[in-house]
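# What follows is a predicted structure for the sequence shown.
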Amino acid sequence: MYEIKYYQIDAFTDKIFSGNPAKVVQLNEWLEDGLLQNIARENSVDATAFFIDKGDNFELRWFTPDLELDLCGHATLATAHALTTILGYGKDRIIFNTKCGQLFVYVKNNLYEMDLPERNPIKAELPNFIKESLNKQPTEVLKSRDYILVYENEEDIRNIRIDKNKFDKGNIDPGGVAITAKGNDSDFVSRFFIPQATIFEDPVTGSAHASLIPYWRNVLNKKEMSAIQLSTRKGKLFCTSKEDRVLIAGKAKTFSEGTLWIE
């Protein structure tokens, strides 16, 4: 039996019990994928980030309780927070090598700013399992990794109800469904749902904003925007569109740290 350190971080918030929780696990070498998946399942949070220190950069992977992700914004931000505030990493640029390419996080003005690849959504047809699960239909449907459903106003987003039994008849591996509209106190708002997932509604979804930002840039004709994800926990994101990249910034708070015991 050996021990592995972990840190639980609430991302995209400046106070605990809000934002999106992630476990950050420090490894010396990669474990078998099945063991990584079991650890993430046991952690029972939206995402577990596993990282290895390679000196000038870090290898990084993300797992939900159900599967490995190709990109996870909030767990990347959480890892940057753990490195900066707990593990003594002093540089203002953190380089992560991931399966979706090289990601950068910049530490500045009490924010962690992620530089992610843009995923510009295009018009799409809404699958029946999504359409039939909604209590109100969107005005526009687009898709990149995730389906992007556009509504008229923030109240629509707050009041959307999804029939989980109908929603779970389909699968969007590894994506989900973002519903979005113009915000009352921000440029835009959203919520995010994942069919057949252990955690049905994601509290704050950084990776979905890789598609939401280019969409709202074109609608609002703005390159810098603020966003709020209207989950129960809520989260705030500061967004910038930059050519074929997006910058997503937010704060984070440490909730706990401890030890995993692995046989």
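Okay, I see it.

# List the contacts of residue 159.
135-136 (C-beta atoms under 8 Å, 6 or more residues apart in numbering). Where you see a C-beta, it was placed from the backbone N, CA and C, and this is true even at glycine.

# 10 Å instead, please
135-136, 151, 153 (C-beta atoms under 10 Å, 6 or more residues apart in numbering).

# top of the residues you listed by neighbour count?
Within these, neighbour counts (other C-beta atoms under 10 Å) peak at residue 151, which reaches 21 neighbours.

# Which residue is the nearest non-sequential neighbour of it?
Counting by C-beta to C-beta, 6 or more residues apart in numbering, residue 181 is the residue found nearest to residue 151 once chain neighbours are left out, at 4.3 Å.

# ok, that neighbour - how many residues close by?
The tally of other residues near residue 181 (other C-beta under 10 Å) stands at 24.

# That one contacts residue 155, correct?
Yes. Counting by C-beta atoms under 10 Å, residue 181 touches residue 155, with 8.4 Å between them.

# how about the strands of the stretch 1-150 of the chain, start to end?
2-11, 20-27, 47-53, 58-63, 68-69, 93-98, 101-108, 111-117, 122-123, 140-143, 147-150 (DSSP state E, counting those that start in this stretch).

# Same list, these, but as a markdown table with mean neighbour count and distance to residue 193 please.
Compiled in a markdown table, these are given as follows (neighbours: other C-beta atoms under 10 Å; distance: least, C-beta to C-beta, whole Å):
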| stretch | mean neighbour count | distance to residue 193 |
| --- | --- | --- |
| strand 2-11 | 20 | 19 |
| strand 20-27 | 25 | 14 |
| strand 47-53 | 23 | 15 |
| strand 58-63 | 22 | 18 |
| strand 68-69 | 20 | 15 |
| strand 93-98 | 17 | 24 |
| strand 101-108 | 16 | 25 |
| strand 111-117 | 20 | 21 |
| strand 122-123 | 9 | 20 |
| strand 140-143 | 18 | 14 |
| strand 147-150 | 24 | 10 |
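
# Nothing else from me, thank you.
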